[in-house]
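Colleague: Predicted model, plus sequence, below.
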2 protein chains.
Amino acid sequence: MTQIKSKKFMLLDPVQTDHIHCESCPIRHRAVCARCEADELELLEEIKYYRSFEAGQHIIWSGDKMDFVGSVVSGIATLSQTMEDGRTQMVGLLLPSDFVGRPGRSGAAYDVVATTDLVMCCFRKKPFEKMMETTPHIAQRLLQMTLDELDAAREWMLVLGRKTAREKIASLLAIIARRDASLHLNAKNGPLVFDLPLTREAMADYLGLTLETVSRQISALKRDGVIVLEGKRHVTIPDMERLLEEAGDDSDGGMLD
Amino acid sequence: MTQIKSKKFMLLDPVQTDHIHCESCPIRHRAVCARCEADELELLEEIKYYRSFEAGQHIIWSGDKMDFVGSVVSGIATLSQTMEDGRTQMVGLLLPSDFVGRPGRSGAAYDVVATTDLVMCCFRKKPFEKMMETTPHIAQRLLQMTLDELDAAREWMLVLGRKTAREKIASLLAIIARRDASLHLNAKNGPLVFDLPLTREAMADYLGLTLETVSRQISALKRDGVIVLEGKRHVTIPDMERLLEEAGDDSDGGMLD
DNA sequence: TTTTACTTTTGATCTGGGTCAAAGATTTTG
DNA sequence: CAAAATCTTTGACCCAGATCAAAAGTAAAA
């Protein structure tokens, strides 16, 4: 079993990994835990289950009661909000190992839609919340993940509020490239290559633009050699530094711990 | 001592409040805690201190090392991000009782600026983090608060990405009115009255607009009777429903637990 | 009370990105 | 494979909000 490198993607840093059944499972045993390991695994198995969704399927409707939390095992989903007149804004992108759900809340705040075929690892909410109370490290890990999401949301506020269309596209490409690289453990310095997981319309909804503007700006970045396109979706970034400049980002690329 | 009504504003729901020294103090004793009450209060006192700031003063610079967390006791502060060329985007508004800081992170991600004279109740970060480990409810409470902030940030993404200038202004006024009302425990149904805590420029930075557009749209809302202005800052909302319509919001006003 | 320094409003003009329209690509279906 | 349905690109035009400019409050300092 391959280990995911970034600790960002785990609810608890695994001290022993040999009991893990699901790679992106948000509950992991921890050596320091006072409870008996067997007990925990039993409880864990009891409340864990898998759900599969087809591309395009609504996973959760905003406002619905949500009786589970979980994490993406494979596939991609989007979080979005829609106004009555149909204007929609994507507020998050869920890639494998990302957490879904709001412990302590009864209702869903956003629509969650599967962009590709998708598998989720779910936990019934009530038992999960009980487990959070008895296993403090779960709450602490969730806090860290939520702080990461908050940082991402706030970074996106700068993109939405102050960047030009070209900078917005470059910012989105940079984020996808970065996440994709960390997921696939790419060689660091070569040109980055990936397939866009989103349609032009989905990108527009993420960026607060129209799909026509997205298309035009992608064409412009291609014309200017910032990106190389094969077909509509396959992207090569010959020079990540250049892309980040186009995105208007600091060259240092944010701060980690 | 008056009790703040909304549980949203406390790190732990107070079971006994007679030991609380600071109204917006993020650490509160809890009856279920296994540790001796005296011990906790002693530790608490040891790591707690107050800091005062003048209007306009930078509290935290983005990127700086931050060795404390805390909460606003009185006054108002803003969270903002700035690009190299000077474009800035506010990503949060801190009112009394709001939490500041990122347990587990060494660096500040945003500039924090005092908008008015301001007092903060601070805790040295290391001992606070240790306390989080020994008192699980603190992490759980922080998680709830962070989830609230995440919801707010994502709601703001919709405002920034998809709303018109008029809707943006109405949205901001609605948020300020709502927070102000919950803080002052106003009578529910009368017209809401408050003073704008922000300059036109700060509003522009929050909304992703220019200050001229902010001024024009406020004038327009005034002309159309949606708001009543006395002087530049004193606002009366004669009809909150009307304001929410102008903001393009669902009439139900979001979901709480 | 005048001076100096903001903050806010209002006007005139410009432009980036939206809107409307149509034609290519690409994929799916029959 | 042709037909239908999507997705994407490109063009022509328009408008909400930006930019530039100046005047009018307001408030702190002298």
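Modeller: Here it is on my side, so go on. Numbering: from 1, shown residues only, chains lettered A, B, ... in the order given.

Colleague: helix/strand/coil for A:Met131?
Modeller: helix (DSSP: H, G, I helix; E, B strand; the rest coil).

Colleague: That one contacts A:His137, correct?
Modeller: No: with contacts counted by C-beta atoms under 8 Å, A:Met131 stays clear of A:His137, the gap being 10.7 Å. Any C-beta I mention is one placed from the backbone N, CA and C, and that applies to glycine too.

Colleague: which bits of chain A sit near DNA strand C?
Modeller: By C-beta under 7 Å from any atom of the strand, the part of chain A that sits against DNA strand C consists of A:164-166, A:208-210, A:212-213, A:231-232.

Colleague: which residues touch stretch A:218-228?
Modeller: Around stretch A:218-228, the neighbours that count as contacts under C-beta atoms under 8 Å, 6 or more residues apart in numbering or on different chains are A:166, A:169-170, A:173, A:200, A:229, A:235-239, A:242-243, A:246.

Colleague: Same question for it: list its buried residues.
Modeller: A:218, A:221, A:226-227 (16 or more other C-beta atoms under 10 Å in any protein chain shown).

Colleague: before we move on, what about stretch A:98-107?
Modeller: For stretch A:98-107, a neighbour-count test (16+ other C-beta under 10 Å) marks A:98-103, A:105 as buried.

Colleague: How much space separates the spatially most central residue of chain A from DNA strand D?
Modeller: With distances taken as C-alpha atoms, centre = their mean, the residue of chain A nearest its centroid is A:Leu94 (3.0 Å). From A:Leu94 across to DNA strand D, the span is 19 Å (C-beta to the nearest atom of the strand, to the nearest Å).

Colleague: The stretch 151-257 of chain A: helices as residue ranges?
Modeller: For the stretch 151-257 of chain A, the helices defined by DSSP state H, counting those that start in this stretch cover A:165-184, A:200-207, A:211-223, A:240-246.

Colleague: Let's have the ones you listed in JSON lines, adding mean pLDDT.
Modeller: Formatted as JSON lines, those follow (pLDDT from 0 to 100):
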{"stretch": "helix A:165-184", "mean pLDDT": "90"}
{"stretch": "helix A:200-207", "mean pLDDT": "98"}
{"stretch": "helix A:211-223", "mean pLDDT": "98"}
{"stretch": "helix A:240-246", "mean pLDDT": "96"}
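
Colleague: Domain boundaries for chain A, per the record?
Modeller: A:7-156, A:164-246 (automatic domain parsing).

Colleague: Could you tell me the least trusted of these?
Modeller: Confidence, taken as mean pLDDT, is least for domain A:7-156 of the domains of chain A (a mean of 79).

Colleague: Quick one: name the residues of the stretch 151-257 of chain A near chain B.
Modeller: With the criterion set to C-beta under 8 Å from any C-beta of the partner chain, the stretch 151-257 of chain A comes near chain B through A:151, A:153-158, A:160-162, A:207-208, A:248, A:250, A:255, A:257.

Colleague: Could you say which of those residues is surrounded by the most neighbours?
Modeller: Highest neighbour count within those: A:Trp156, with 29 neighbours (other C-beta atoms under 10 Å in any protein chain shown).

Colleague: That one touches B:Leu158, doesn't it?
Modeller: No: applying C-beta under 8 Å, one finds A:Trp156 not in contact with B:Leu158, separated by 11.4 Å.

Colleague: circling back: just the buried residues of stretch A:218-228 now: which is nearest A:Lys126?
Modeller: The shortest approach to A:Lys126 among these belongs to A:Ile218, at 45.4 Å (C-beta to C-beta).

Colleague: Now for the residue of the stretch 151-257 of chain A found nearest DNA strand C: which residues touch it?
Modeller: Minimum separation of the stretch 151-257 of chain A from DNA strand C (C-beta to the nearest atom of the strand) falls at A:Thr213, amounting to 3.1 Å. Neighbour list for A:Thr213: A:165, A:204 [criterion: C-beta under 8 Å, 6+ apart].

Colleague: tell me the contacts of the residue nearest to the centre of chain A?
Modeller: A:Leu94 makes contact with A:72, A:76-79, A:100, A:112 under the criterion C-beta under 8 Å, 6+ apart.

Colleague: let's go with 6 Å and repeat that
Modeller: A:72, A:77 (C-beta atoms under 6 Å, 6 or more residues apart in numbering or on different chains).

Colleague: same thing with A:Phe128?
Modeller: When contacts are counted by C-beta under 6 Å, 6+ apart, A:Phe128 touches A:Val69.

Colleague: can you do 8 Å?
Modeller: Taking C-beta under 8 Å, 6+ apart, we find A:Phe128 in contact with A:47, A:68-69, A:103.

Colleague: same deal with A:Asp64?
Modeller: By C-beta under 8 Å, 6+ apart, the residues touching A:Asp64 are A:107-108.

Colleague: Any figure for the gap between it and A:Lys126?
Modeller: 17 Å (C-beta to C-beta, to the nearest Å).

Colleague: can you check A:Glu246 too?
Modeller: 47 Å.

Colleague: Mind checking which of the two has more residues around it?
Modeller: Higher neighbour count among A:Glu246 and A:Lys126: A:Glu246, with 20 against 11, using other C-beta under 10 Å.

Colleague: hang on, that one packs against A:Ala165?
Modeller: No: the pair formed by A:Glu246 and A:Ala165 falls short of the contact definition of C-beta under 8 Å, at 11.5 Å.

Colleague: so what's A:Leu243 up against?
Modeller: Taking C-beta under 8 Å, 6+ apart, one finds A:170, A:173-174, A:177, A:226-227, A:237 in contact with A:Leu243.

Colleague: Which residues of the stretch 101-250 of chain A lie near DNA strand D?
Modeller: A:199-201, A:211-212, A:214-216, A:218-219, A:229, A:232-233.

Colleague: would A:Arg51 count as being in a helix?
Modeller: No: assessed with three-state DSSP, A:Arg51 is strand; it does not lie in a helix.

Colleague: Excluding chain neighbours, what is closest to the residue of the stretch 51-200 of chain A found nearest chain B?
Modeller: Distances between the stretch 51-200 of chain A and chain B by C-beta to the nearest C-beta are smallest at A:Gly161, namely 2.9 Å. Nearest residue to A:Gly161, sequence neighbours excluded (C-beta to C-beta, 6 or more residues apart in numbering or on different chains): B:Gly208, at 2.9 Å.
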